[in-house]
Every structure is written in structure tokens, then in C-alpha cells.
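K.L.:
Structure for this input, please:
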Amino acid sequence: MSILFALIIILFSAIMHEYMHGWMADRLGDPTAKDAGRLTLNPVNHIDLWGSILMPAVIFLSTGGGLIFGYAKPVPFNPYNLRDQKYGVAKVAIAGPLANFSVALFLGLLLRLLPGISQSLFMLIATIIQINLVLFVFNLLPIPPLDGSKVIMPFLPYAWQEKLIRMEQYGMYIVLIFVLFGFPLIVPIIDLLFRLIVGV
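P.N.:
Residues are numbered from 1 along each chain as shown. Okay, here's the model as predicted:
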């Protein structure tokens with residue numbers, strides 16, 4: 001898999017992820033993403049120089065092609081505009097990872113229905129599935145500011161909610177440490193999902 005191909009996959013997978021955050025927020029009453037021109041799949045509106053290009057390239061090259069991870073520019077939204085004030089933020093948060101899981105599931109079913117495809121096409125589709133599963137699992141980690149922390153927030157006692165909110169100022173450092181040292185912890189989950197979806 002070439003670095004260019006990997007970057008294209010991670011970019012469009014991350015864009016789909018962010019688009020669905022904005023789409024869900026809009027459905028729940030917050031037009032912030034739409035008003036900012038972010039409710040689009042146009043990559044120009046979503047590219048983050050570090051998260052979409054430089055960081056994925058550095059991770060890909062430093063791991064010898066064994067790992068790639070990145071993100072698109074976060075879609076803005078105003079939680080106070082949401083009609084559902086209790087669970088609205090959680091719904092917006094879960095929409096991104098579910099978009100990645102839906103892509104992986106659809107392509108996995110496609111591979112099951114097309115058993116006679118060439119090895120090269122199989123590997124291409126499998127790579128897209130793996131990258132989307134990485135985004136799905138990673139973003140559901142309960143580390144602020146990742147989506148997982150926002151998904152569980154309404155279900156936690158108030159004291160725990162306050163702790164997560166305070167953690168968010170250090171969140172990106174925690175995320176970076178996890179990417180560098182803790183990523184192997186979620187690899188078995190990603191591999192299991194891949195095997196279940198693709199059937200290998």
C-alpha cells in the first residue's frame with residue numbers, strides 16, 4: 001500500500017466521520033456546521049494540515065506501513081442549539097464513529113458477496129475496512145476530546161462528568177501518548193471486528 005493511497009483513504013474516511021457529526025447536529029437543531037460551510041464532503045473544507053497529511057504520513061513511515069492514523073478538521077457545533085439537551089451531544093458524537101463502522105460493514109459484506117475478486121482489489125477494499133475500523137474503535141475511547149468521552153458523558157454521575165470536562169484541556173496530550181504507546185491495546189479489537197465483518 002503506497003503512502004499516497006493510504007493518505008487518500010484516511011482523509012476521506014475522516015471527512016465522512018466529521019460530516020456525519022455535522023449532519024447529526026443539523027438534524028437535532030444546530031445549523032452551525034452548515035452555516036460554516038462544513039456540511040459538505042468537499043475535502044478542501046475539512047483538511048487539517050497536521051492531522052490529515054503530516055501526522056498520518058509520519059506514523060505510516062515510522063511504522064513501516066504497519067499503522068496509519070489521522071483526522072480531519074473538527075466540525076463546529078453549538079450544543080446549546082440541540083433540541084435534546086440531555087443526549088444530543090452524545091448523539092452527535094456517536095454519529096462519526098458509526099459512519100466509519102457503516103463503511104467497514106458495507107465493504108465487508110461486499111467482499112463476502114464477491115468471493116471471486118482479484119487479490120489486489122481484495123487488499124484495497126480490506127485496507128479501507130481496516131482504516132475505518134481504526135477510526136471507529138479509536139474515536140470511541142473515553143478520552144476527552146475523543147467522541148467516546150462525549151458518548152458516555154450523559155450516563156455518568158455529575159462528579160465524573162466534571163472530571164472528564166477538566167481532563168479535556170490535557171486531552172490531546174493523552175491522545176498523543178496513547179497513539180504512541182497504547183495503540184497495541186486496541187489492535188486485537190480492530191482485528192476481531194475485521195475478521196467478523198470480512199469472514200476470514
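K.L.:
Name the residues that touch stretch 81-88?
P.N.:
With Cβ atoms under 8 Å, 6 or more residues apart in numbering as the contact definition, stretch 81-88 has outside contacts at Ala25, Leu28, Gly29, Asp30, Pro31, Thr32, Pro79, Val89, Lys91, Val92, Pro154. (Glycine included, C-beta is placed from N, CA and C.)
K.L.:
Phi first, then psi, for the spatially most central residue of the chain.
P.N.:
Central residue of the chain (Cα atoms, centre = their mean): Leu135, 3.6 Å from the mean position. The phi/psi pair for Leu135 (degrees, to the nearest 10) reads phi -60, psi -40.
K.L.:
What pLDDT does the model give the closest residue to it other than its chain neighbours?
P.N.:
Distances taken as Cβ to Cβ, 6 or more residues apart in numbering place Asn100 nearest to Leu135, at 4.3 Å, with adjacent residues excluded. Note for Asn100: predicted pLDDT of 97.
K.L.:
so Asn100 touches Leu133, yeah?
P.N.:
Yes - using Cβ atoms under 8 Å, Asn100 is in contact with Leu133, at 7.3 Å.
K.L.:
still on that earlier bit, for the contacts of stretch 81-88, please prepare JSON lines with the additional fields pLDDT.
P.N.:
Converted to JSON lines, the contacts of stretch 81-88 look like this (pLDDT from 0 to 100):
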{"residue": "Ala25", "pLDDT": "97"}
{"residue": "Leu28", "pLDDT": "97"}
{"residue": "Gly29", "pLDDT": "96"}
{"residue": "Asp30", "pLDDT": "96"}
{"residue": "Pro31", "pLDDT": "95"}
{"residue": "Thr32", "pLDDT": "95"}
{"residue": "Pro79", "pLDDT": "94"}
{"residue": "Val89", "pLDDT": "96"}
{"residue": "Lys91", "pLDDT": "97"}
{"residue": "Val92", "pLDDT": "97"}
{"residue": "Pro154", "pLDDT": "94"}
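K.L.:
I'd like to know which of those are buried.
P.N.:
With burial judged by 16 or more other Cβ atoms under 10 Å, the buried subset of the contacts of stretch 81-88 is Ala25, Leu28, Asp30, Thr32, Val89, Lys91, Val92.
K.L.:
Can you give me the distance of the residue nearest to Leu135 to Gly64?
P.N.:
24 Å (Cβ to Cβ, to the nearest Å).
K.L.:
quick one, which of the two is more surrounded?
P.N.:
The neighbour comparison of Asn100 against Gly64 (other Cβ atoms under 10 Å) goes to Asn100, with 25 against 7.
K.L.:
quick one: the more buried one from Ile9, how far?
P.N.:
From Asn100 to Ile9 the distance is 11 Å (Cβ to Cβ).
K.L.:
how about the one helix or strand Phe12 maps to: buried residues?
P.N.:
Element membership of Phe12 [criterion: DSSP states H and E] is helix 3-27. If you call a residue buried by 16+ other Cβ under 10 Å, then helix 3-27 has these buried ones: 6-7, 9-26.
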